[in-house]
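Peer 1: Could you work out the structure for the sequence below:
(chains A and B)
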Amino acid sequence: MRVVVAMSGGVDSSVAASLLVEAGHDVVGFSMQLYDQRSGRESFGSCCSLDDLQDARRVAAALGFPHYIVNFEAEFREKVVRNFVDEYASGRTPIPCVHCNADLKFAHLAERAAGLGATVVATGHYARVEFDEDTRRYRLFRAIDRDKDQSYFLFPLTQNQLAAAVFPVGHLTKAEVRDHAERVGLRVARKPDSHEICFVADGDVPAFVEKELAESPHDGAIVDSEGRTLGRHRGLHRYTVGQRRGLGLSAARPLYVLRLEPALHRLVVGPREELTRPTLTATRVNWIAGHPPETPIRATARIRHRHADAAATITPDGDELAHVVFDVPQLAVTPGQAVVFYAGDEVLGGGWIQ
Amino acid sequence: VRIYLDYNATTPPLPEVIGTVTRVLTDVFGNASSVHSFGQQAKAALDEARGQVAALLCAEPSEIVFTSGGTEADNLAIRGAAEALLPAGRRRLVASGIEHEAVLSTFAALERCGWTTTLLRVGSTGIVSPAALEAAMTTDTALVSVMHANNEVGTIQPVAELSAIARQHGALFHTDAVQSAGKIPIDVKALGADLVAISGHKFGGPKGTGALWIRRGVRLVAQSTGGRQERGRRAGTENIPALAGLGTAATLAQSRLPAMSAVAERRDRLERGILSAVAGTSVNGDSSARVPNTTNISFDGIEAESLLIALDLEGVAVSTGSACSSGTLEPSHVLRAMNLPQPRTRNSLRFSLGLSTTTDEIDFVVGVLPALVARLRAVGRPALAAR
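Peer 2: Below is the predicted model of the structure:
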């Protein structure tokens, strides 16, 4: 079977490719060029740089399968970067990785793969997909390695997308992945993980957003929840809900960002106890099964990548919305982040926090 | 299956060339600038190669400057002439929009240094019109640079007419003959040029070799300084084994020019085969004034990058546009300069054949293409529409 592997040049996708080669598949490596690499252009970030593309190429050469670098500059800009900037401009805190997965890798890349006769695309994601013979549907699960689990970033995948997705390292721990890479002699075995937003140079999100928006940031007031002015801010895109550092305020008690009010250019801050929310509403909800449950469900809900999911009752509201009521109010419910619903290890669905 | 149809990118070195390079590398290690017998031996090898290259161009050996390839030859021609004519107040440089990057990027670099550059529009035939050049000429034009044959669509430019126009206006004329050398006869005097660049690896020679023909009496400012090699026009110890290989390749290329008509027949067989087997295909550029080995074909509704990969996975090597630093593809600047509608700058493939391309290989390619194209067309193409 011909399988296209999306290769970032990191150890996870390299090992994914290696496992597929060992399983006897006709592996074709694809690396996405996401921005202009010509010299003289300023560097764009830490992922999929020329060096990473080179690493992917060398891994493919070492494992003996063809590798191509495909140009996704236009798609990346449109599906990922523009959304990222727009979200910040609207006072939300985006997760570009979700769009990169659902709108790029398992959309454009999968389509390219299909054009080459490859019905599946493999990535180095830590997650698991299984086909349920009884329901004839695909199910999405957390990775075996709970610490590395990336299922949160895959919640918008449709049944068709899951049918085309293979996650070879989802059954392994990170340590096992590195051991495998070492054993087969992959040069990326000890390459450090990437953490930052990959396309933002030096992790400086505010500078990136300002440059992309091509307009000077709008400053405004920092107020408490009673509306009393406490200070000034230098643009709402510098802040996210729950943020404590960088407010430039002196107060008797630590203050946190409670919410962003883009219409008024106001940043509302307050003490930690005001940061909790008992409920949230999710929009553009995707149910992995393909349709919402008919009655409210008990599940756990995760409101950001590094959040221990919390018990909640989830009530679908049509195909698009879901209302989430936590058993215990949660800190820093952040608009623009995803809320993902789990039943144990299984991803039931998710949506965007309103 | 491994079928190579990318001879315009590079050619396999001919066995005789490998023989020459190996022999000279083994037997001749002297420095051609040395006075002693070792140096004389090296100088003799170099002289022989110079004579062989001159013969390919119908030129004098003393007019040949060896370089590291076509790009360096273009750089020396353009930068050398631009600098030499600066004191005369000639600050304008003219080229066609379908030149190789070696010319276009050099123009861009000189523009940043204060020269004015003009790029001539080219019609959908891919042929530069003499009238367009005439209209672009000014009294301060130092140099006109128009390639002999285009690398992507293979069109042959009316160099003799164009060079005459340049001469009437007192400008020098350079032609990048990298894609014509070894494919069609070159007579530098008939071309009426002042400067002609060629590259060894495009006609069976080693990579890293090239030459610039400089008409006797034309003064260039050297772009590398050091020793007095190449009559002071290109400093640096000569790569004798590789240049000897270039000489052998030049001799063979000249003797094999008559065989290029057979290559043209296979190219035409390929072209006819594709046009009839695959719907929605058309040839880009003029199909008569063309080098014999090249065809450039548009495939409606597909992305050239994907078809190139699909063919490669079947063992067939072709190309499109020009690769950028990471190896991905950019829309072809040549097809854009030819004013082709935007999809065609992204859905066109170049097939370039060589003397060793067989009819069986052509038939194999024509055989596999329809299914590959159909599969690509079957998946939706929002990616293409998004552009």
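Peer 1: Okay, helices next: where are they in the chain?
Peer 2: Defaulting to chain A. For chain A, applying DSSP state H gives helices covering A:11-22, A:50-63, A:73-76, A:82-89, A:96-99, A:110-115, A:159-163, A:174-183, A:205-213.
Peer 1: was after chain B, sorry
Peer 2: For chain B, helices defined by DSSP H occupy the ranges B:15-27, B:37-57, B:70-85, B:101-112, B:130-136, B:159-168, B:188-191, B:240-255, B:260-277, B:304-313, B:333-337, B:359-378, B:382-386.
Peer 1: and the fourth one, average pLDDT?
Peer 2: Spelled out, that is helix B:101-112. Throughout helix B:101-112, pLDDT has a mean value of 96.
Peer 1: picking up where we left off before, okay if I get the helices of chain B as TSV plus mean neighbour count and distance to chain A?
Peer 2: Bear in mind the C-beta positions are built from the backbone N, C-alpha and C, glycine included. Shown next, in TSV, are these (neighbours: other Cβ atoms under 10 Å in any protein chain shown; distance: least, Cβ to the nearest Cβ, whole Å):
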stretch	mean neighbour count	distance to chain A
helix B:15-27	17	25
helix B:37-57	19	33
helix B:70-85	25	16
helix B:101-112	17	11
helix B:130-136	16	28
helix B:159-168	19	31
helix B:188-191	17	33
helix B:240-255	25	26
helix B:260-277	17	18
helix B:304-313	21	5
helix B:333-337	22	13
helix B:359-378	17	4
helix B:382-386	13	5
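Peer 1: how about those helices in CSV, adding distance to A:I95?
Peer 2: Below are the helices of chain B laid out as CSV (distance: least, Cβ to Cβ, whole Å):
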stretch, distance to A:I95
helix B:15-27, 56
helix B:37-57, 61
helix B:70-85, 45
helix B:101-112, 39
helix B:130-136, 53
helix B:159-168, 57
helix B:188-191, 61
helix B:240-255, 54
helix B:260-277, 46
helix B:304-313, 29
helix B:333-337, 37
helix B:359-378, 32
helix B:382-386, 22
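Peer 1: least reliable of these going by mean pLDDT?
Peer 2: Taking the mean pLDDT of the helices of chain B, helix B:382-386 comes last: a mean of 40.
Peer 1: How much space separates B:T26 from B:P15?
Peer 2: 16 Å (Cβ to Cβ, to the nearest Å).
Peer 1: likewise B:G80?
Peer 2: Taking Cβ to Cβ, one finds B:G80 at 35 Å from B:P15.
Peer 1: What number of residues are in the vicinity of A:N71?
Peer 2: Neighbourhood size, A:N71 [other Cβ atoms under 10 Å in any protein chain shown]: 22.
Peer 1: Isn't A:H180 up against A:H171?
Peer 2: No - with contact defined as Cβ atoms under 8 Å, A:H180 and A:H171 do not form a contacting pair (11.6 Å).
Peer 1: which of the two has more neighbours?
Peer 2: More crowded of A:H180 and A:H171, by other Cβ under 10 Å: A:H180, with 20 against 13.
Peer 1: who's in contact with that one?
Peer 2: Counting by Cβ atoms under 8 Å, 6 or more residues apart in numbering or on different chains, A:H180 touches A:15, A:18-19, A:172.
Peer 1: What is the nearest of these to chain B?
Peer 2: A:S18 (19.6 Å; Cβ to the nearest Cβ).
Peer 1: Give me the neighbour count for the closest one.
Peer 2: The number of residues near A:S18, taken as other Cβ under 10 Å, comes to 25.
Peer 1: for A:P192, same thing?
Peer 2: 8.
Peer 1: returning to what we had before: just name the most buried of the helices of chain A.
Peer 2: helix A:11-22 (a mean of 24; mean count of other Cβ atoms under 10 Å in any protein chain shown).
Peer 1: Quick check: which helices or strands does it pack against?
Peer 2: Judged by 3 or more Cβ pairs under 8 Å, 6 or more residues apart in numbering or on different chains; DSSP states H and E, helix A:11-22 is in contact with strand A:2-6, strand A:26-33, helix A:50-63, strand A:120-122, helix A:174-183.
Peer 1: Rebuild the ones you listed as a markdown table, extending it with mean pLDDT.
Peer 2: Formatted as a markdown table, the helices and strands packed on helix A:11-22 follow (pLDDT from 0 to 100):
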| stretch | mean pLDDT |
| --- | --- |
| strand A:2-6 | 97 |
| strand A:26-33 | 94 |
| helix A:50-63 | 92 |
| strand A:120-122 | 96 |
| helix A:174-183 | 97 |
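Peer 1: got CSV for the ones you listed, with distance to B:Q229 too?
Peer 2: Formatted as CSV, the helices and strands packed on helix A:11-22 follow (distance: least, Cβ to Cβ, whole Å):
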stretch, distance to B:Q229
strand A:2-6, 50
strand A:26-33, 40
helix A:50-63, 35
strand A:120-122, 54
helix A:174-183, 49
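Peer 1: do you know which of those lies nearest A:D132?
Peer 2: Closest to A:D132 of those, according to Cβ to Cβ: strand A:120-122, at 17.6 Å.
Peer 1: in its sheet, what does the closest one sit against?
Peer 2: Here strand A:120-122 has these sheet partners by DSSP bridges: strand A:2-6 (parallel), strand A:165-166 (parallel).
Peer 1: ok, and which of these has the densest surroundings?
Peer 2: strand A:2-6 (a mean of 25).
Peer 1: what does that strand rub up against?
Peer 2: A:13, A:16-17, A:20, A:25-32, A:105, A:109-110, A:112-113, A:116-124, A:166.
Peer 1: Narrow the residues you listed to those that are buried.
Peer 2: A:13, A:16-17, A:20, A:25, A:27-32, A:105, A:109-110, A:112-113, A:116-118, A:120-124, A:166 (16 or more other Cβ atoms under 10 Å in any protein chain shown).
Peer 1: how about B:S348, what does it touch?
Peer 2: B:284, B:296-299, B:304, B:320-321, B:332, B:335.
Peer 1: which residues of the stretch 151-300 of chain A fall in strands?
Peer 2: For the stretch 151-300 of chain A, strands defined by DSSP state E, counting those that start in this stretch occupy the ranges A:165-166, A:220-224, A:229-233, A:256-261, A:266-270, A:276-287, A:297-302.
Peer 1: Only the C-alpha atoms, please, for the fourth one, written as PDB.
Peer 2: When you say that, I think you mean strand A:256-261. Presented in PDB, the C-alpha positions along strand A:256-261 are these (Å, rounded to 0.1, in the frame of the first residue of the first chain):
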ATOM      1  CA  TYR A 256      -4.700  37.900  36.200                       C
ATOM      2  CA  VAL A 257      -6.200  38.700  32.800                       C
ATOM      3  CA  LEU A 258      -9.900  37.800  33.100                       C
ATOM      4  CA  ARG A 259     -11.000  38.700  29.600                       C
ATOM      5  CA  LEU A 260     -10.200  40.800  26.600                       C
ATOM      6  CA  GLU A 261     -12.700  43.300  25.300                       C
END
